[in-house]
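*Asks:* build me a model:
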Amino acid sequence: MPDEIQEEPSEPNSVAISCLSTELRSRVQFLSWGKKITVYYYPFGLYAYVLITLVLGRLNLDKVYLEWQGGRMKNHFGKKKLSTLNWGRDPDIPVFGSLVYCESNALDHPGPNSSSSSENCLAVVSLAAIVSHIAATPASVAWLANGLVSCSARLPRKERSRFKSRSEVTWWSRGKVCASPSVDLTMSAMGLSTLCLFYLTFAISALDADDRRAQRSRRQSTDAKDGLFELSIIHLNDFHARFEQTSWSSGNCPKGQEASCVGGIARLYTAIDELVARRPNAIFLNAGDNFQGTLWYTLFKWNLTLEFMNLLPHDAMTLGNHEFDDKLAGVIPFIKGLNCPVVVANIDDSLEPRFQGLYNKSVVIERDGRKIGIVGYIIKTVNELSSTEKLMFLDEVEAVRSESARLKSQGVDIIIALSHAGYGTDLVVAAEVPDIDVIVGGHSHTLLYTGTLPGGDIAEGPYPTMVTQASGKMVPVVQAYAFSKYLGNLTVWFDQEGEPVAWEGNPILMNQSFEEKITFNDLVTCTPFLNTIDTLELQGRDLLQVLEKSVSNPFNSTASGGFNGKGFLQYAGLNVVYNLTRPIGERVVEVEVLCAECRVPQYQPLSLDTWYRIATSSYLAGGGDGYKVFEQNSRNHNIDLFQLSLIHWNDFHARFEQTGWAGGSCPANDNSSCVGGVARVATAIKDLKARYPHSVFLNAGDVFQGTLWYTLFRWNATVKFMNMLPHDAMTLGNHEFDNGLEGIIPFMEQTNFPIVVANIDDSEEPDFQGLYNKSIVIEREGRKIGIVGYLLNSTHTIASTENLRFLGEVETVTREVSVLKEQGADIIIALSHCGLQADKEVASVVPGLDIIVGGHSHTLLYNGTAPRNDTTGGTYPIVVHQDDGRQVLIVQTGANSKYLGHLLVHFDSGDPEIVAELEPFRQEIEKLGSMPIGSTRVRLSRPCSLGECSLGNMITDAMVEEYVALAPENAWTYAAIAMMNSGGIRAEISELNDGGKNIKTNFIKDSMILFNDLATAQPFQNTVDTLELEGHVLLQVIELSAARPFSSRSYLISDPEELTRDARVFSGYGFLQYSGIHVTYNISLPAGSRVQELSILCDECDIPEYQPLNLTKWYRIAMASFLAEGGDDFGIIPQNRRNHNMGRVDLDIFSEYIKKNSPIIQGVDGRIQMIQAGQ
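*Replies:* Just a heads-up that it's a prediction; the model follows:
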């Protein structure tokens, strides 16, 4: 059970600044111990740390650590000792935004007026941080001849807004300006002390002003939401059979390191159950891809998935592509057995009667009298990703648009799209489907997060990502990464027309710590009167009367005194200065009001003639405590507005167990830093539901695939644990189709919540029909909330979707939003598995859309600095402004059950019921998964979208070796060439980490490789096939590998040395790894002409050697069946191949290769070279 819930600090330097504010003033003389120093000032950084340590001469540099939270070098340096930094040679060492850590004995001689060596150390180094912050901003520094120091510079425009007083700015700007870009000088320690005093006084003033403004802004933001319809969307996506907790990188949780593992179905259950219980108008949605990814799915398929999914309180679920990994036979029983609706709007099942009637295009649920439609959709290329047989998948936009429009016509005023189409597609749907209010996504494993992420994860966008439609409507798009690492949790406030007007939240990391609980009894004790929170309007002159009355009672200046009576008011959105020496009624000296109708909230002088909308308690609004002006002079008094709590997750990817920080296995000897897992997610959701009983919990898909749990148990375990979470809706991710329709239909049949996908055309897959809805409408406190799901319309290119067709996201979401509006839904959420970019596009153009809860792109959206420097993809939520001014929110929570959308919470144990349910499955997983198959002496690393990677080399070499025994008489092998798409390499093997921190070394004593390690890295059970391509086609394939746009995905990189290189990767998962091919790419050249050098290993030769490519020769190539069938947009392969022969299952081949070649010593050997112009 949880023991605490805490939000991440919004300001990374808060500890240091606190120390300064309370401790440092009495210790400034501590800086005057005389020594001479040399100071270097560079435009990119001030070496204030060196300056301070030289002055002191007392600081043990081995006991002081810096960790950079900001600046372009943050990923390069991370956390280091002062003693290890090369201060003299690198002018780009960042100083701004640093955290300082001091050991207790870091300062050998504390100095005067000190009580703690560590406090003195922190105070001194923190002072240096503030000096650096302030001094690095001006254009120059001038030094006075007498050795004292004064700053002189023109204050940057962005800094001026901090200060109201012109005299403060003038003081800052006085003196001479030195034009030199650097200054080299020698000065006394007294001069240094004077400089620090000047800076410290100014910095504390500025920081205090910032803090006061931030607090006022937060209070205003909170109060402004009161009285609106609050919808809580809890969402999960891409669970991928992570029934047990996983490592940070979503692999197996190593024995002995369970404390650092994350995710797992038990945590999900606990989190979801609590969130749904306590959040207002909560709904729980699942965005698909619950199947596939671990041995749990491999062994138990849909059966286990169904059992556990039915334990979760789903309101709706959409399907992911991996639900189809075992074809329709693998998913139909799952759908039939679910106790929640499955919604997919963009499936055409007309040619698959087996699939018909198993799902809905959408469902409508109610929260507090509001109809909420949930439209599901899945990536339209599912048939290319999974075995969908005769199902066809329609354009996501068109399907969601149609279904959401239908819901609108039925009176649904809130429509959520539950998507398994990826973040990018979700953005498109959000932009182009007018009736969608929120998109809860999956598929792209996008970690959306606003703020500071835990553990070094990097968000791909804010949570939610706000997409602005052409009409101006803003649609939130959310996704919660994958593998049960995060649980999405979004709260959106809607007005009476169903328009989202406010939103907040963040994915919740499914780790072992909990938020400190505030009980309902605490709340009742604090505010026992059961007032409603009303809104009303007062003219400025009347508001001034209210402010004057607040200080009209006699004032007692003693420590225990104050204003007599209980009428003194607390404010948000107001800055008031009182002069208590003046007569009553004339004490207000200055009033500033936070603007409402403005893009950038800022305080403006009170206007006596302006009408201001104010939120207050019904007691005050009725004239309580003598405030009759509220009752007598107000207008537009609205009582008890609606608040919506949205909890969400995405891209669970079978992270049933907690994972390491990066989503891999939780280290066996240290699970303290592990996160996620379905038990933690369940705990977090339960906690949020308890606090916000009317919350909405959404899952943005990709719950299948990613760990041994899915590999063994397929959809069975996934549906079991998803059903244990209180989903309101789920959309499908592409990985739900990894085993074809037979792998997803049973899942969809057995979910106990609706699956919504609006952009699937299932007309040619009858077995898929009826298993999902395009959208649904739910109600929270009388408000109708429409949830429309949609999936990446290219799902068929990355999953086995058989005859399903996937429609355009924007068109389908637009249609479905309109349907939801017709159904009376005034709040519309799009639950998306299309990825952040697609969700932005959807949010920008789909009228009527309020929120997009996204998935697929594994984007972590977060406000502030994410925990442990996880990289964020934007704020949570991302706000997209449509052309008509409407704001659409987009949220996504990364992947792998690491985060749960809404608030960042931490868990120390999973829900006991879920943990107990996991145990029989875990025993089978451990029996097979713990079987040693070999060892490695090196780290077999990924990501493999950055260039050549050692794990890709090993996999492709194993493919070539598989066919050596079949060599004809005139050749040394049957296939000298092999290739593997990087998206098929899902985790590192022998992931050496220290609880989710940076990997320390690539070389170790032989490390055992377990079958579970291999199954997590290669979870899809492809066969390794051979086929022949002509040389000119092979060249096109190799060009296509490097033709995709670049994106910054440095969060995928676990080796700090790799970060010294260009940390851009090719977007998508289609970048190829090779054996038997040497290629040099010039990435400065246009796509399609980047191959500069290319040589191929001969097969019909006595001595294997690399020879130039022959454009007319036919080459035999070994590759995964996924690639052979055109997966990841390599349609050119099946279109031009000949002599295609199916091989053995990849796990068998790779396990035999590891046994034979242990210890593995595979490295990178120059097979792939990347150059740029001029190289």
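
*Asks:* how about the contacts made by Leu338?
*Replies:* Contact analysis of Leu338 by C-beta atoms under 8 Å, 6 or more residues apart in numbering lists 306, 309-310, 314, 317, 719, 722-723, 747-753, 755. In this view, the C-beta of every residue, glycine as well, is placed from N, C-alpha and C.

*Asks:* so how far is Ile977 from it?
*Replies:* Counting by C-beta to C-beta, to the nearest Å, the separation of Leu338 from Ile977 is 44 Å.

*Asks:* re the thing from before, quick check, nearest of the contacts of Leu338 to Phe1020?
*Replies:* Distance to Phe1020, by C-beta to C-beta, is smallest for Phe747 among the contacts of Leu338, at 16.5 Å.

*Asks:* can you get me a residue count around Trp588?
*Replies:* You called it Trp, but residue 588 is Val. 18 (other C-beta atoms under 10 Å).

*Asks:* nope, Gly1166 is what I was after
*Replies:* Using other C-beta under 10 Å, Gly1166 has 8 other residues around it.

*Asks:* can you verify it is assigned to a strand?
*Replies:* No: counting by DSSP: H, G, I helix; E, B strand; the rest coil, Gly1166 is located in no strand; its state is coil.

*Asks:* ok, it - contacts?
*Replies:* Contacts of Gly1166 (C-beta under 8 Å, 6+ apart): 948, 1078.

*Asks:* ok, Ala758 next?
*Replies:* 343-346, 361-362, 375-377, 396, 399-404, 417, 774-775, 788-790, 812-813, 815-816 are the contacts of Ala758 under C-beta under 8 Å, 6+ apart.

*Asks:* quick one: Ile1161 and Pro464, what's the gap?
*Replies:* In terms of C-beta to C-beta, Ile1161 sits 46 Å off from Pro464.

*Asks:* who has more neighbours, the two?
*Replies:* Comparing Ile1161 with Pro464 by neighbour count (other C-beta under 10 Å), the higher total belongs to Pro464, at 52 against 13.

*Asks:* next, give phi and psi for that one.
*Replies:* phi -80, psi 160 (degrees, to the nearest 10).

*Asks:* right, and it touches Thr893 too?
*Replies:* No: counting by C-beta atoms under 8 Å, Pro464 does not reach Thr893; the two are 9.4 Å apart.

*Asks:* could you tell me which residues touch both of the two?
*Replies:* Common contacts of Pro464 and Thr893 (C-beta under 8 Å, 6+ apart): 448, 478, 861, 901.

*Asks:* mean confidence score for the helix or strand harbouring Val593?
*Replies:* Counting by DSSP states H and E, the element that carries Val593 is strand 588-594. Average pLDDT, strand 588-594: 93.

*Asks:* begin at 133 from here
*Replies:* Got it, the first residue is 133 from now on, which makes the last one we talked about strand 720-726.

*Asks:* by neighbours, which of the contacts of Leu470 wins?
*Replies:* Neighbour tally across the contacts of Leu470 (other C-beta under 10 Å): the maximum, 59 neighbours, falls on Met449.

*Asks:* thought Leu726 was touching Pro733?
*Replies:* Yes: using C-beta under 8 Å, Leu726 is in contact with Pro733, at 5.7 Å.

*Asks:* neighbour-wise, which of these two wins?
*Replies:* Leu726 (22 against 15).

*Asks:* and the gap between the more buried one and Ser749?
*Replies:* From Leu726 to Ser749 the distance is 19 Å (C-beta to C-beta).

*Asks:* ok, Thr946 touching Val529?
*Replies:* Yes: look at Thr946 against Val529 with C-beta under 8 Å: they come within range, at 6.3 Å.
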